[in-house]
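>>> requesting a structural model of the entry that follows:
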Amino acid sequence: MKTSATLRYEQLAQQIAAQIRAGTLRAGERIPSVRQACAAHGVSPGTVQSAYQRLEDEGLIHTRPRSGYYVSATWKAAAKQAAATPAEPDTSKPPKTSTAVAVSDLVFEILESVKSESVVPLGSAFIHPSAFPLAKLARYLGSATRALEPARMVADLPPGNRELRRLIARRYLGAGLNTDADDILITHGGMEALNLSLQAVARPGDTIAIEAPAFYTALQAIERLGMKALALPTHPRDGVDLDALADALKRRKIAACWFMTSFSNPLGSLMPEEGRAALVRMLAACEIPLIVDDVYEELYFGSTRPRPAKAWDKAGLVLHCSSFSKCLAPGYRVGWVLAGRYAQQVRRLKMMTTLSTAIPPQAALADYLKQGGYDHHLRALRAALQTQQGRMREAVAHHFPAGTRITRPQGGYFLWVELPAHIDALAVHARAAQKNISVAPGPIFSPQRRYANCLRLNYGQPFTPQVEGAIAALGRICASLA
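Residues are numbered from 1 along each chain as shown. Okay, the predicted model is just below:
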């Protein structure tokens, strides 16, 4: 079931699309601004932006910097191409019962296949290193190491490098989140931020609500701490079904929710802005904390960065976690958390476990952010990812069996591919590994090892002939298993 917020932006997108197809709005004409559409339809700016993003994704409109939104000259060709591409998967339908989690053995077995440099890493969780300014970062890291003073050993203990925290807080201002450097705790990557947050809000035996499918590291964290997972129906475009969450809150005791509201892994879903606001209000009414894994927040393809769910948090119940690992500095292991009312518990847990995040990488990242090239890097990275997604979607549509469904993410770097029901994703993984191709099979994203006919593919690699050949080989493997 879709939420009312989802229905509103879809209805608006459908109305404008109908006007374009009917010729009321013609190619090259400007469509109403966000402000005008808000007044005309009685909806929020977030609803209009979500609708316009949908229309951009479908090739019906495009943006012109500092000018507005216009009907695309090529909208007819884009609409024809969209009609010919595979459909999206449906909303997931997980069991309504919570369960213990035991996925680590399967995850470790499968991740071993990604390590070799000879493997085409379609199953990787990382963007290709060539997409990052690693040489420039190395120079800043060298300078930071040489300038390191003994006093910094104490000064940069949790919550971490003050200048880096200030710069992170300043970036959030542009995304609609008013925070302070003192609210931010630097962690050893995003994964530590998430694990510390989970430890701060829940205990062994507690039930944690998650997406279905969910990123396997979330499942591993729940498994490690002896908790249970309650998987919720999730739409591949709009994220967790809020009606299903409301029903679950009535039926059982949920200690916390762990969601990815921006470009989730593995689905790539983006929860609409009004959905985020409704989610935060719903959980605040029940006094239930929300852990948000937002490590892909900077990898959006639209004209505006999605506003973090934390922006609507008035009760301090949202623990917002992010990292530089996915968008700038893989391997530096610098993440952070805005933990709200749980800030003291999270900080103490940090000091009781890893004590401090490495000091030179923090200083290096602060120096890099101050020199002003970060936004230029992000624009180039987003453009590359969007192009690579389009080429991979076309290749999957061409080579995979009839009946295959593919997601249409608005950011991030993952495609979720639903194969015809009788094709076993684990068998696809095994045969692909023999050809030096890695994939991430669906069962590692489920506490019940569901999604047996699904794959997650990474389009964070340049779309080389080798990658295209790997997609073709996967298509042949799937056809042989059919």
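>>> can you tell me the closest non-neighbouring residue to residue 162?
Sequence neighbours aside, residue 181 is the residue nearest to residue 162 in space, at 6.4 Å (criterion: C-beta to C-beta, 6 or more residues apart in numbering). In short, each C-beta sits where N, CA and C put it, glycine included.
>>> run a quick neighbour tally on the one you found.
By other C-beta atoms under 10 Å, 17 other residues sit near residue 181.
>>> list the contacts of it.
Residue 181 makes contacts with 162, 165-166, 168-169, as judged by C-beta atoms under 8 Å, 6 or more residues apart in numbering.
>>> cool, and residue 212?
By C-beta under 8 Å, 6+ apart, residue 212 lies in contact with 92, 94, 231-234, 446, 450.
>>> of the contacts of residue 181 - the most surrounded one?
Neighbour counts for the contacts of residue 181, by other C-beta under 10 Å, peak at residue 168, which reaches 24 neighbours.
>>> mind checking which helix or strand that one is in?
helix 162-173 (DSSP states H and E).
>>> pick the one among the contacts of residue 212 closest to residue 108.
Among those, residue 446 lies closest to residue 108 (C-beta to C-beta), at 16.2 Å.
>>> ok, residues contacting the helix holding residue 168?
Residues outside helix 162-173 that contact it (C-beta under 8 Å, 6+ apart): 155-156, 159, 178-184, 186, 308, 334, 336, 362-363, 365-366, 369-370.
>>> write the ChimeraX selection for whichever of these are buried.
Of those, the buried ones can be selected in ChimeraX as follows, counting by 16 or more other C-beta atoms under 10 Å:
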select :156,159,179,181,183,184,186,308,334,336,362,363,365,366,369
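>>> the contacts of helix 162-173 in strands, which ones?
Under the assignment DSSP state E, these contribute 184, 186, 336 to strands.
>>> which of those residues sits closest to residue 404?
Closest to residue 404 out of the ones in strands among the contacts of helix 162-173 is residue 336 (38.3 Å), distances taken as C-beta to C-beta.
>>> re the thing from before, go through the contacts of residue 181 and say which is closest to residue 58.
residue 168 (34.1 Å).
>>> and the gap between the closest one and residue 322?
Per C-beta to C-beta, to the nearest Å, residue 168 is found 8 Å from residue 322.
>>> quick check: neighbours shared by those two?
residue 336.
>>> domain ranges for the protein?
Following automatic domain parsing, one gets these domains for the chain: 4-84, 101-129+379-481, 133-374.
>>> low-scoring pLDDT stretches of the stretch 301-450 of the chain, where are they?
Counting by pLDDT under 70, not a single residue of the stretch 301-450 of the chain qualifies.
>>> what ranges do the helices span in it?
For the stretch 301-450 of the chain, the helices defined by DSSP state H, counting those that start in this stretch cover 343-353, 359-371, 374-399, 425-434.
>>> single out the most deeply packed of those helices.
Ranked by average neighbour count under the criterion mean count of other C-beta atoms under 10 Å, those are headed by helix 359-371 at a mean of 21.
>>> report the inter-axis angle for it versus helix 374-399.
100 degrees (axes from the mean of the first three to the mean of the last three C-alpha atoms, to 10 degrees).
>>> strands of the stretch 201-350 of the chain, residue ranges please.
In the stretch 201-350 of the chain, the strands defined using DSSP state E, counting those that start in this stretch lie at 207-212, 228-235, 239-240, 256-259, 290-293, 318-323, 335-338.
>>> how close does the residue nearest to residue 162 get to residue 174?
In terms of C-beta to C-beta, residue 181 sits 15 Å off from residue 174.
>>> and for residue 196?
Using C-beta to C-beta, one gets 26 Å for the distance from residue 196 to residue 174.
>>> so which of the two has more stuff around it?
The residue with more neighbours, out of residue 196 and residue 174, is residue 196; 28 against 10, by other C-beta under 10 Å.
>>> quick one: contacts for the more buried one?
Listed by C-beta under 8 Å, 6+ apart, the contact set of residue 196 reads 187, 337, 346, 349-350, 353.
>>> name the element it belongs to?
According to DSSP H and E, residue 196 maps onto helix 189-201.
>>> taking helix 343-353 as reference, get the angle to that helix.
Here the directions of helix 189-201 and helix 343-353 differ by 110 degrees (the same axes, to 10 degrees).
>>> ok so, going back, mind putting the contacts of residue 181 into CSV with pLDDT?
Shown next, in CSV, are these (pLDDT from 0 to 100):
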residue, pLDDT
162, 95
165, 97
166, 97
168, 98
169, 97
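>>> so which of those comes closest to residue 461?
Taking C-beta to C-beta as the measure, residue 461 lies nearest residue 168 of these, at 28.0 Å.
>>> check the secondary structure at residue 143 for me.
The local conformation at residue 143, judged by DSSP: H, G, I helix; E, B strand; the rest coil, is helix.
>>> check contacts around the closest residue to it other than its chain neighbours.
Closest residue to residue 143 apart from its sequence neighbours, by C-beta to C-beta, 6+ apart: residue 367 at 7.0 Å. Residues counted as contacts of residue 367 (C-beta under 8 Å, 6+ apart) are 140, 143-144.
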